[in-house]
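Asker: Predicted coordinates and the sequence they were generated for:
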Amino acid sequence: MTEDADTTPFEQMRDYLRTIGQGPRAGRDLTREEAAAALGLVLDGEATPAQAGGFLLLQRYKGESVDELLGFVDAYRARASLIRPAVEGLLDIGSPYDGRKKSVVVSPASAIVVAAAGAPVVLHGEKDVGPKHGVPVGDVLESLGLAVDAEPAAVQGAIESHGLGYMRQARFVPAAYAARDLREEVAVRTLFASIEKIANIAAARYSIVGIAHLPYKDKMLAAADANSFERVLVVQGIEGNEDVPTSRPCRAFLRERKPNGSAGKTTELTIDASEYGLEAASKEEMEGGDARHNAEIAESIFAGEKGAYRDLVTLNAAVRLWLAERAPDIAAGLDLARETIDSGAAAEKLEALRTATRA
């Protein structure tokens, strides 16, 4: 669409809706620039509520193209407080903001192990996000006594000082946070669920994200690859999230950018906990609970408790350490994760993060 300088936001949004809403024959995907402009109208409150809701639903049922995903990320980042921690090899954990309802939340405990092993980590999310309204990673971190409502400068400092930080959307992308009521009214997952995971507002080098539907992996890999991540792992994990299960083999897809910065190749792998002699978590052990329940699991592991929960956390820490190039393979990552827990380093890291929060 060619925009006229005199065209109002209302008319611009009408044109974008016509472009994507006329079906496969008469309609087309938006260009990257158009997608950025369209989502910008939504985030800035210049589209009417009906237009904004219609846009999200049309994109949901049409399916976003890679260029559209990149344009949406552009709009999101343009309204974000970007940080660039002075650390080597930051790992971004792309957990869904609407959380988890049916199973345990593994990423917070695994992230602490990874940070204690020397690989810096950033997590991000928001409270009580629909449509799922599950337990997000931030709520578990909060139950562990960590800061989850810090300003961007403080989060950057935490990553630099302690190797772990949490970015709350309300602090980092308030324009997206303001759209929570709209998302609630739409009632299904929208484009926000994808772009929040790959926006890379902390300039991370590595990323792990989860998907529920395998056909979507190619779009996510391509969009993440184009968004400055050097190594991205897309996992068909627990509840479609980024956590690798021990109860079944898990398909994953690694995308690595070439040294010259051009798009890299994708390698498919199967992560099977049984190959490493790990105990499979039972159906009862995998059942979800509130944030405190998930925090208590982490605390018990760091206190030395063995069993299925520990194996679940160490496997996910191992995958992350391998992804962040702190271990040559997952087996070596498991050795490093176990050593980090057994030495007390993970418990010490948790206490250091709590102390920093209280300071």
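Answerer: In hand now; what should we look at? Residues are numbered from 1 along each chain as shown.

Asker: What does the pLDDT read for the closest residue to Leu164 other than its chain neighbours?
Answerer: Spatial nearest neighbour of Leu164, chain neighbours left out: Ala115 (4.2 Å); criterion: CB to CB, 6 or more residues apart in numbering. C-beta here means a position set from N, CA and C on the backbone, and glycine is covered the same way. Model confidence at Ala115, given as pLDDT, is 98.

Asker: ditto for Ala222
Answerer: pLDDT, Ala222: 83.

Asker: ok so, going back, in this model Val121 seems to touch the residue nearest to Leu164, though I could be wrong.
Answerer: Yes - Ala115 is in contact with Val121 according to CB atoms under 8 Å; the separation is 5.1 Å.

Asker: can you list residues touching both of the two?
Answerer: Contact criterion CB atoms under 8 Å, 6 or more residues apart in numbering; residues bridging Ala115 and Val121 by contacting each: Gly163, Leu164.

Asker: quick one: low-confidence parts of the protein?
Answerer: Within the chain, the segments meeting pLDDT under 70 span 1-6, 258-263, 359.

Asker: where do the helices sit along the stretch 1-150 of the chain?
Answerer: Counting by DSSP state H, counting those that start in this stretch, the stretch 1-150 of the chain has helices at residues 9-21, 23-26, 32-43, 49-62, 66-78, 107-116, 137-143.

Asker: Need the winner for burial among the ones you listed.
Answerer: Comparing these by mean neighbour count (mean count of other CB atoms under 10 Å), helix 107-116 comes out on top with a mean of 30.

Asker: quick one: contacts for the most centrally placed residue in the chain?
Answerer: Residue closest to the average C-alpha location in the chain (CA atoms, centre = their mean): Gly94, at 1.2 Å. Neighbouring residues of Gly94 by CB under 8 Å, 6+ apart: Glu196, Lys197, Ile198, Ser207, Ile208, Val209, Gly210, Glu242.

Asker: Just confirm Phe229 contacts Ile208, I think it does.
Answerer: No - taking contacts as CB under 8 Å, Phe229 lies outside contact range of Ile208: 9.8 Å.

Asker: ok, longest helix in the chain?
Answerer: Using DSSP state H to define each element, the chain has its longest helix at helix 308-323.

Asker: residues near the closest residue to Arg338 other than its chain neighbours, how many?
Answerer: For Arg338, ignoring the flanking residues on the chain, the nearest one in space by CB to CB, 6+ apart is Thr314 at 5.8 Å. Neighbours of Thr314 under the rule other CB atoms under 10 Å: 26.

Asker: Same question for Leu164.
Answerer: 28.

Asker: how close does it sit to Val209?
Answerer: 18 Å (CB to CB, to the nearest Å).

Asker: on that earlier part again, okay, whichever helix or strand comes after the longest helix of the chain in CSV with CA atoms only?
Answerer: Per DSSP states H and E, helix 308-323 leads on to helix 330-342 as the next helix or strand towards the C-terminus. Output of helix 330-342 as CSV, limited to C-alpha atoms (Å, rounded to 0.1, in the frame of the first residue of the first chain):
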residue,chain,number,x,y,z
ILE,A,330,24.2,-32.3,25.7
ALA,A,331,26.0,-35.1,27.5
ALA,A,332,28.8,-32.7,28.5
GLY,A,333,26.1,-30.1,29.4
LEU,A,334,24.5,-32.7,31.8
ASP,A,335,27.9,-33.2,33.5
LEU,A,336,28.3,-29.4,33.9
ALA,A,337,24.7,-29.0,35.2
ARG,A,338,25.1,-31.8,37.8
GLU,A,339,28.4,-30.4,39.0
THR,A,340,26.9,-26.9,39.3
ILE,A,341,24.0,-28.3,41.5
ASP,A,342,26.1,-30.7,43.5
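
Asker: Show me what helix 330-342 is packed up against.
Answerer: Secondary-structure packing of helix 330-342 (3 or more CB pairs under 8 Å, 6 or more residues apart in numbering; DSSP states H and E): helix 107-116, helix 308-323, helix 345-358.

Asker: what do you get if the cut-off is 10 Å, keeping everything else the same?
Answerer: In terms of contacts (3 or more CB pairs under 10 Å, 6 or more residues apart in numbering; DSSP states H and E), helix 330-342 is packed against helix 107-116, helix 291-302, helix 308-323, helix 345-358.
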